[in-house]
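>>> what's the 3D shape of this:
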Amino acid sequence: MAAVRIFGIDPGSRLTGFGAVECDRHGRLHYLTSGCIRLASARPLAERLRELHANLADLLVELAPQEVSVERVFMARNADSALKLGHARGVAMLAAAQRAVPVVEYSARQIKQAVVGHGGAEKSQVQHMVAALLGLPARPQADAADALAAALCHAHCRALAARLAG
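Below is the predicted model:
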């Protein structure tokens, strides 16, 4: 099995986390990069979405992942917030689709289950486990940790699928 690079995205209309890992041919995970794209909340949503798209497109060109993992939308208490999150997810998925990179989606519960072992885990637990699993010297920022967790979840799911396939 060849190495595969997975780019995780935790979308948001003000702050979008990203993280990239590589799964080598032996199934070992290697941290590549992570961070957050901060968008000025004072700017109109359309401008923030354009900036988000440009930043994600640049990262996808730079990192050249084979697959992208995005957290699926959950229904928030505030419908306006859920709609803005949906717009940010759409922009993230479009950036990947424009580069012909397959996109997979996982719920927050699936991601937490895969990384922490409990679907109701707290953000601090996700940060801790992401740092532990990737051998990082410190916990990544919460949104970057969520993006890395999405990438790790996909890496675990694809490894399981490969084992089950034979």
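>>> distance between stretch 116-133 and the chain's centre?
The chain centre lies 14 Å from the centre of stretch 116-133; the measure is CA atoms, centre = their mean, to the nearest Å.
>>> typed the wrong thing, it's stretch 62-82
Relative to the mean C-alpha coordinate of its chain, stretch 62-82 is positioned 7 Å out (CA atoms, centre = their mean).
>>> quick one: contacts of that stretch?
Stretch 62-82 has contacts (CB atoms under 8 Å, 6 or more residues apart in numbering) with 4-11, 20, 32-33, 60, 85-86, 89, 92-93, 96, 101-108, 111, 146, 150-151, 153-154, 158. All C-beta atoms are positioned from the backbone trio N, CA, C, and that covers glycine.
>>> Mind listing what's buried along the helix or strand hosting Glu51?
Assigned by DSSP states H and E, Glu51 belongs to helix 45-63. Judged by neighbour count (16 or more other CB atoms under 10 Å), helix 45-63 contains these buried residues: 48-49, 51-53, 55-57, 59-60.
>>> Could you identify the most distant pair in these?
Farthest apart among the buried residues of helix 45-63 by CB to CB are Arg48 and Leu60. That separation is 18.4 Å.
>>> all helices of the protein, in order?
Assigned by DSSP state H, the chain shows helices spanning 45-63, 79-98, 108-116, 123-134, 142-165.
>>> In TSV, list those helices along with mean pLDDT.
Formatted as TSV, these follow (pLDDT from 0 to 100):
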stretch	mean pLDDT
helix 45-63	97
helix 79-98	92
helix 108-116	95
helix 123-134	96
helix 142-165	91
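>>> With distance to Arg38 added, can I get the ones you listed in CSV?
Below are the helices of the chain laid out as CSV (distance: least, CB to CB, whole Å):
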stretch, distance to Arg38
helix 45-63, 10
helix 79-98, 13
helix 108-116, 21
helix 123-134, 18
helix 142-165, 10
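>>> of those, which approaches Asp24 most closely?
Proximity to Asp24 (CB to CB) singles out helix 142-165 among those, at 10.6 Å.
>>> Counting by contacts, list what that closest one packs against.
Counting contacts by 3 or more CB pairs under 8 Å, 6 or more residues apart in numbering; DSSP states H and E, helix 142-165 is packed against strand 4-10, strand 15-23, strand 29-38, strand 67-71, strand 103-106, helix 108-116, helix 123-134.
>>> list the helices and strands the longest one packs on?
Using 3+ CB pairs under 8 Å, 6+ apart as the contact criterion, the elements in contact with helix 123-134 are strand 29-38, helix 108-116, helix 142-165.
>>> May I see these arranged in a markdown table, with distance to Leu15 as well?
Listed next are those as a markdown table, based on distance: least, CB to CB, whole Å:
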| stretch | distance to Leu15 |
| --- | --- |
| strand 29-38 | 6 |
| helix 108-116 | 16 |
| helix 142-165 | 5 |
